[in-house]
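*Asks:* Starting from these lines, generate the structure:
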Amino acid sequence: MDRFQAMQVFVRVVDSNSFTRAADSLNLPRATVTTAVQQLENLLQVRLLNRTTRRISLTPDGAAYYERCARILADLEEAETSFRDVSRGPRGKLRIDVPAPVGRLVLIPRLCEFHQRYPDIELAIGMGDRPVDLVRESVDCVIRVGDLQDSSLVGRRIGTMETLTCASPDYLERHGVPKSLEDLRQHRAVHYFSSRSGRIYELDFTVDGRVTEVKVSSKVSVNDGDAYVACGLQGFGLIQPPRFMVQAHLQSGTLREVLPQWRPSSMPISVVYPHNRHLSPKVRAFVDWAAELFGRCPILGGCEGGSTECAFATRSEGHATQAMLGMETETY
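*Replies:* Residues are numbered from 1 along each chain as shown. You can find the predicted model right below:
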């Protein structure tokens, strides 16, 4: 058995968590499967699997080798499929990751549209509270908010996330509508804090092109975007959420914007993928569709040069919205 076949066997053993099930699925004798893994370990001079009579588990070296093997085999399968079924359009499994509010409010409601256009693409959508490592976690592309520091990533700018200051009518009736930043001394805010560092994000405003933080007293702090908006709706104080998260409340009047002349800084929205990876048909299909989707959304689609690809090397200051979306810059 050659090295490539041994890699296939090893990945199948890990995926099935059994030498016997791997042998059955590959239509090979169990002894052949066991020998293939042993030969790999002898070649690499490391132990890949811990074996007991009841179970197997990956060693740290085995986990690292598995990730590499899985990516190599997936890339090979994708390359073969793209040539073999070129007339059928993009196909295969596509792993993406998006901030939970973006996924829930923007992506998921239009998912049937993507499936109807690309029925042969199987989507695996992650919506966690942290930026994923695309290479290490075998993710094909992600949607990220804010400037990115990682120069190994490239992406397509697809929109702009606008943030605003708002409060409930009940709160404004009790405390008055602020007319200037100095008025905020008499007000309260709902604070957002980082679930990773515990950092409290103060309200910030763009004054003469520069971002200015203003400390406002608070009676409640949260580390969840939905809870943040809910506290604002209940009248606990001023909040600064992304507009797309509260647009319905602004239209219904359950939240009212204040200090519109000094809005918080806006941030770019991008679809991002590894710099050194060929953009496969399925990734290209998702990137184009995402750009179209955000372009149709008036409160998210504003971007300059949205069709260009670029490397990201800049880093913005910490922003509550980025923390809210699991995109804190200090974690890049």
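
*Asks:* In the stretch 101-250 of the chain, where is pLDDT below threshold?
*Replies:* Scanning the stretch 101-250 of the chain for pLDDT under 70 picks out 129, 148-152.

*Asks:* any idea where the strands of it begin and end?
*Replies:* Along the stretch 101-250 of the chain, counting by DSSP state E, counting those that start in this stretch, strands occupy 121-126, 141-145, 153-161, 166-167, 188-193, 200-201, 203-207, 210-214, 217-222.

*Asks:* Quick one: list the elements packing against the third one.
*Replies:* Other helices and strands packing on strand 153-161, by 3 or more CB pairs under 8 Å, 6 or more residues apart in numbering; DSSP states H and E, are strand 141-145, strand 267-274, helix 281-295, strand 309-311. All C-beta spots, glycine's among them, are computed from the backbone N, C-alpha and C.

*Asks:* Tabulate the strands of the stretch 101-250 of the chain (CSV), appending distance to Gly176 and mean neighbour count.
*Replies:* Shown next, in CSV, are those (distance: least, CB to CB, whole Å; neighbours: other CB atoms under 10 Å):
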stretch, distance to Gly176, mean neighbour count
strand 121-126, 43, 14
strand 141-145, 32, 25
strand 153-161, 29, 23
strand 166-167, 10, 26
strand 188-193, 12, 23
strand 200-201, 24, 17
strand 203-207, 16, 19
strand 210-214, 16, 13
strand 217-222, 15, 15
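
*Asks:* any chance of the ones you listed in CSV, with distance to Arg174 too?
*Replies:* What follows is the strands of the stretch 101-250 of the chain, written out as CSV (distance: least, CB to CB, whole Å):
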stretch, distance to Arg174
strand 121-126, 41
strand 141-145, 33
strand 153-161, 30
strand 166-167, 10
strand 188-193, 10
strand 200-201, 23
strand 203-207, 18
strand 210-214, 20
strand 217-222, 13
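
*Asks:* on that earlier part again, ranking the helices and strands packed on strand 153-161 by burial, who's on top?
*Replies:* Comparing the helices and strands packed on strand 153-161 by mean neighbour count (mean count of other CB atoms under 10 Å), strand 141-145 comes out on top with a mean of 25.

*Asks:* angle of that one against strand 121-126?
*Replies:* Orientation check (axes from the mean of the first three to the mean of the last three CA atoms, to 10 degrees): strand 141-145 against strand 121-126 gives 40 degrees.

*Asks:* Can you give the contact residues for strand 141-145?
*Replies:* Strand 141-145 is contacted by residues 94, 96-99, 102, 107, 131-132, 134, 155, 158, 161, 267-273, 283, 286-287, 290, 321-322, 325, 327 when judged by CB atoms under 8 Å, 6 or more residues apart in numbering.

*Asks:* Quick one: neighbours of Phe244, just the number.
*Replies:* Here the number of neighbours of Phe244 (other CB atoms under 10 Å) works out to 19.

*Asks:* One more: Ser180?
*Replies:* Neighbourhood size, Ser180 [other CB under 10 Å]: 9.

*Asks:* go on, Ala31?
*Replies:* Residues near Ala31, counting by other CB under 10 Å, number 10.

*Asks:* And whichever strand or helix holds it, what does it pack against?
*Replies:* With elements taken from DSSP states H and E, the one containing Ala31 is helix 30-44. On a contact count with 3+ CB pairs under 8 Å, 6+ apart, helix 30-44 meets helix 3-16, helix 19-26.

*Asks:* per-residue confidence for Ile56?
*Replies:* At Ile56, the pLDDT value in this model is 89.

*Asks:* okay, the residue nearest to it when sequence neighbours are not counted: pLDDT?
*Replies:* With CB to CB, 6 or more residues apart in numbering as the measure, Leu49 is the residue that lies nearest to Ile56, at 5.1 Å, once sequence neighbours are left out. In the prediction, the pLDDT value recorded for Leu49 is 93.

*Asks:* Just give the closest residue to the most centrally placed residue in the chain, not the sequence neighbours.
*Replies:* Centre of the chain computed as the mean C-alpha position; nearest residue by CA atoms, centre = their mean is Val98, 3.1 Å away. Nearest residue to Val98, sequence neighbours excluded (CB to CB, 6+ apart): Ile143, at 4.4 Å.

*Asks:* how close does that neighbour sit to Arg156?
*Replies:* Summarising the geometry, the distance separating Ile143 from Arg156, computed by CB to CB, to the nearest Å, is 10 Å.

*Asks:* Name the residues contacting each of the two.
*Replies:* In terms of CB under 8 Å, 6+ apart, Ile143 and Arg156 are both contacted by the residues 270-271.

*Asks:* residues contacting Gly253?
*Replies:* Gly253 makes contacts with Pro169, as judged by CB under 8 Å, 6+ apart.

*Asks:* ok, it to Leu94 distance?
*Replies:* With distances defined as CB to CB, the gap from Gly253 to Leu94 amounts to 40 Å.
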